[in-house]
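Undergrad: test case, fold it:
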Amino acid sequence: MRIIPAIDIIDGKCVRLSKGDYSTQKVYNEDPLEVAKQFEGHGIQFLHLVDLDGARSKHIVNHKVLEKIASKTSLNIDFGGGIKSDEDVRMAFESGANQLTGGSVAAKSPALFKQWLSAYGPEKIILGADAKDRCIATHGWEQTSDLDVIDFVKDYKNQGVSYVICTDVSKDGMLQGPSFELYKELLDEISNIKLIASGGISTFDELPTLAAMGCEGVIIGKAIYENRISLKTLEEYIINPKPC
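TA: Below is the predicted model:
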C-alpha cells in the first residue's frame with residue numbers, strides 16, 4: 001500500500017481543514033516546498049497536492065506551488081482542486097503533476113471527465129469520490145449531489161477508471177479514524193479498483209488494517225501535521241510493511 005501524505009494549499013500556504021470547512025483552516029507551514037522536502041527526506045515517494053483555492057474558484061489557482069514542488073523534488077504528485085477545463089488539465093500536467101484527480105467535474109460534467117480519461121488514460125486520471133452521507137460532494141465539498149458513492153464509482157469503473165480516491169467528508173481532519181465500512185463496501189462491490197483511502201487517519205495502526213483490506217494507497221494529512229504519526233514511523237513502514 002502506497003503512503004501518500006497530503007498538502008492542501010490556500011493562499012500558497014500549507015493548511016488543513018476539518019470536514020472541508022474553510023472557516024476551520026489552520027496554517028501549518030508558509031512554505032509547502034519545505035514540507036514536501038521533509039516528506040521526500042523520509043523516503044516518501046508520493047504526494048497528494050490539493051488546490052483548495054482552485055476548488056472554490058472552479059479553476060486552478062496554485063499551479064505555481066505545484067510547479068515548484070515538482071521541479072525541486074522527485075515526488076510523484078497527484079494534483080486536484082479546480083480542474084474544470086482542458087486548459088486546467090494542460091496547465092497541471094505542464095506544471096509537473098504525474099496524475100490528476102477530478103471530483104466535481106466527474107459529477108457535474110461526466111462527458112468532459114470521460115474525454116480526459118480517454119485522452120490521458122486511467123493511469124493519469126484519478127476519480128475523486130468524496131462523500132457526505134454516501135452522496136458525492138462537489139465544489140470544495142460545499143455542495144452535495146444526489147449521486148450515491150457506490151453507484152458513482154461503479155459507473156466510472158465501467159467507463160475505464162482505475163484509480164479512485166474516496167474521502168468520507170465527515171471524517172476528514174477529525175483524527176477519529178477512517179471509514180473502514182465504506183472502503184470495505186467499495187472493495188466488495190467493485191472489483192479491480194485501485195482504492196486510495198482518504199480522511200480521518202489518526203493512528204499508525206489504521207494503516208496495516210487498510211492494507212489488509214486491499215486499499216492501494218492511503219492519504220495522510222492532519223495526523224502527520226499534529227504529530228499523531230511520525231515521518232520516521234512512515235519511513236520504517238515503507239521499508240518494512242507490518243502485517244495487520
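Undergrad: give me the residue at the spatial middle of the protein.
TA: For the chain, residue 48 is the residue whose C-alpha lies nearest the centre (Cα atoms, centre = their mean; 5.2 Å).
Undergrad: specify the beta-bridge partners of residue 220.
TA: Per DSSP bridges, the residues bridged to residue 220 are residue 5.
Undergrad: OK, contacts around it?
TA: Applying Cβ atoms under 8 Å, 6 or more residues apart in numbering to residue 220 gives the contacts 3-6, 201, 229, 234. Backbone N, C-alpha and C define where each C-beta goes, glycine included.
Undergrad: can you pull the pLDDT of it?
TA: pLDDT for residue 220: 97.
Undergrad: quick one: the helices in this structure?
TA: 32-41, 52-57, 63-72, 86-94, 104-108, 110-120, 149-158, 180-189, 206-213, 222-225, 231-239 (DSSP state H).
Undergrad: now tabulate these in JSON lines and tack on distance to residue 12 and mean neighbour count.
TA: Shown next, in JSON lines, are the helices of the chain (distance: least, Cβ to Cβ, whole Å; neighbours: other Cβ atoms under 10 Å):
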{"stretch": "helix 32-41", "distance to residue 12": "7", "mean neighbour count": "17"}
{"stretch": "helix 52-57", "distance to residue 12": "9", "mean neighbour count": "21"}
{"stretch": "helix 63-72", "distance to residue 12": "6", "mean neighbour count": "18"}
{"stretch": "helix 86-94", "distance to residue 12": "16", "mean neighbour count": "17"}
{"stretch": "helix 104-108", "distance to residue 12": "22", "mean neighbour count": "24"}
{"stretch": "helix 110-120", "distance to residue 12": "26", "mean neighbour count": "15"}
{"stretch": "helix 149-158", "distance to residue 12": "32", "mean neighbour count": "18"}
{"stretch": "helix 180-189", "distance to residue 12": "32", "mean neighbour count": "16"}
{"stretch": "helix 206-213", "distance to residue 12": "30", "mean neighbour count": "18"}
{"stretch": "helix 222-225", "distance to residue 12": "17", "mean neighbour count": "22"}
{"stretch": "helix 231-239", "distance to residue 12": "23", "mean neighbour count": "15"}
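Undergrad: nearest to residue 17 among the ones you listed would be which one?
TA: Closest to residue 17 of the helices of the chain is helix 52-57 (Cβ to Cβ; 7.4 Å).
Undergrad: got a list of contacts for that closest one?
TA: 8-11, 15, 17, 22, 60-62, 80-83, 104, 139-142.
Undergrad: what's the answer for stretch 5-12, then?
TA: Residues outside stretch 5-12 that contact it (Cβ under 8 Å, 6+ apart) are 14-17, 22, 25, 30, 32, 35-36, 39, 44, 46-53, 62, 64-65, 69, 81, 198, 219-221, 224, 234.
Undergrad: among the contacts of residue 220, which one lies nearest to residue 241?
TA: Nearest to residue 241, judged by Cβ to Cβ, of the contacts of residue 220 is residue 3 at 9.5 Å.
Undergrad: got the confidence number for that closest one?
TA: 98.
Undergrad: next one: it from residue 114, what distance?
TA: Distance, residue 3 to residue 114, using Cβ to Cβ, to the nearest Å: 30 Å.
Undergrad: any of the contacts of helix 52-57 buried? List them.
TA: In those, burial by neighbour count holds for 8-10, 15, 17, 60-62, 80-83, 104, 139-141, counting by 16 or more other Cβ atoms under 10 Å.
Undergrad: so which of those belong to strands?
TA: 8-10, 15, 17, 80 (DSSP state E).
Undergrad: just put those residues in TSV and tack on pLDDT and distance to residue 191.
TA: Output for those, formatted as TSV (pLDDT from 0 to 100; distance: Cβ to Cβ, whole Å):
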residue	pLDDT	distance to residue 191
8	95	31
9	97	35
10	96	38
15	95	37
17	88	33
80	95	25
